[in-house]
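> what follows is a protein structure lacking sequence information:
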């Protein structure tokens, strides 16, 4: 949930069912068996490097396959067509950066850098999520401070003493500003996090 955007999920590579999704780019007059064989070969070579990958061999149109991978948050989308097979290349796109990250390289180069690419995606997403969390976390002293924060358009996470959970006025403030108690953070004993949905 922390990594989604307007297009759908953005899965961190280490938890994605398949960090790499491969789309065969097929045309009516091309040898689909040769393109599928190249895609399957890439899956096997990535598997030898402990990277899970799958090939979308469905009958959907190519744009629908691309959009499906975007919505599902597949960390790296690879496209292989007849030209790429002839040239021994592929095109890949990072889900976390989108089309600006589109790059064409040799299959061997992609295989060699794929683990570093996935690690960079993981590190970038984690740093972005932590920065967002830290920028939107507010340490407040009382129920009155929390109410003033959200009344003035504040959003994010309010960190308060856990005793506030026993304050009879908390329910009114939670209801008025659509707030929810989220957790008792282990690294901050005696505190509670209350948040407003974005």
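Yep, it's here. Model, not experiment: these values are computed from the prediction. Numbers count the residues shown, from 1 in each chain.
> for the rest of this, base every contact and every neighbour count on C-alpha atoms.
OK.
> any stretches of the protein with poor pLDDT?
Low-confidence segments of the chain, defined by pLDDT under 70, span residues 1, 197-198.
> got the domain ranges for it?
Split into domains by automatic domain parsing, the chain comes to 20-133, 137-196.
> start and end of the shortest one, how far apart?
It stands for domain 137-196. End-to-end distance for domain 137-196: 11 Å, by Cα to Cα, to the nearest Å.
> need the domains of the chain in a markdown table with mean neighbour count and distance to residue 3, can you?
Listed next are these as a markdown table, based on neighbours: other Cα atoms under 10 Å; distance: least, Cα to Cα, whole Å:
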| stretch | mean neighbour count | distance to residue 3 |
| --- | --- | --- |
| domain 20-133 | 17 | 7 |
| domain 137-196 | 15 | 15 |
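> now do the helix ranked longest in the chain: distance to the chain's middle.
Determined from DSSP state H, the single longest helix within the chain is helix 107-135. Offset of helix 107-135 from its chain centre (Cα atoms, centre = their mean, to the nearest Å): 10 Å.
> helix or strand next in line after it, which one?
strand 137-139 (DSSP states H and E).
> against which helices or strands is that next one packed?
Contact partners of strand 137-139 among helices and strands, from 3 or more Cα pairs under 8 Å, 6 or more residues apart in numbering; DSSP states H and E: strand 156-161.
> give me the angle between the strand it packs on and helix 107-135.
With axes from the mean of the first three to the mean of the last three Cα atoms, to 10 degrees defining the directions, strand 156-161 sits at 50 degrees from helix 107-135.
> next secondary structure after strand 156-161?
helix 170-177.
> got a list of contacts for that next one?
Identification of contacts with helix 170-177 by Cα atoms under 8 Å, 6 or more residues apart in numbering yields 143, 147, 150, 151, 164, 179, 180, 196.
> show me the residues you listed that map onto helices.
143, 147, 150, 151.
> ok, now which ones touch the second one?
Residues near residue 147 by Cα under 8 Å, 6+ apart: residue 173.
> which residue of the protein lies farthest from its centroid?
Distance from the C-alpha centroid of the chain, by Cα atoms, centre = their mean, peaks at residue 168 (38.9 Å).
> about what we covered before: quick one: closest of the domains of the chain to residue 2.
domain 20-133 (6.7 Å; Cα to Cα).
> relative to residue 4, how far out is the nearest residue to residue 46 once chain neighbours are set aside?
Leaving aside its sequence neighbours, residue 46 sits nearest to residue 111 (Cα to Cα, 6 or more residues apart in numbering; 6.4 Å). Residue 111 sits 27 Å away from residue 4, going by Cα to Cα.
> please apply the same query to residue 138.
Residue 138 is 23 Å from residue 4, by Cα to Cα.
> I appreciate the help and will end here.
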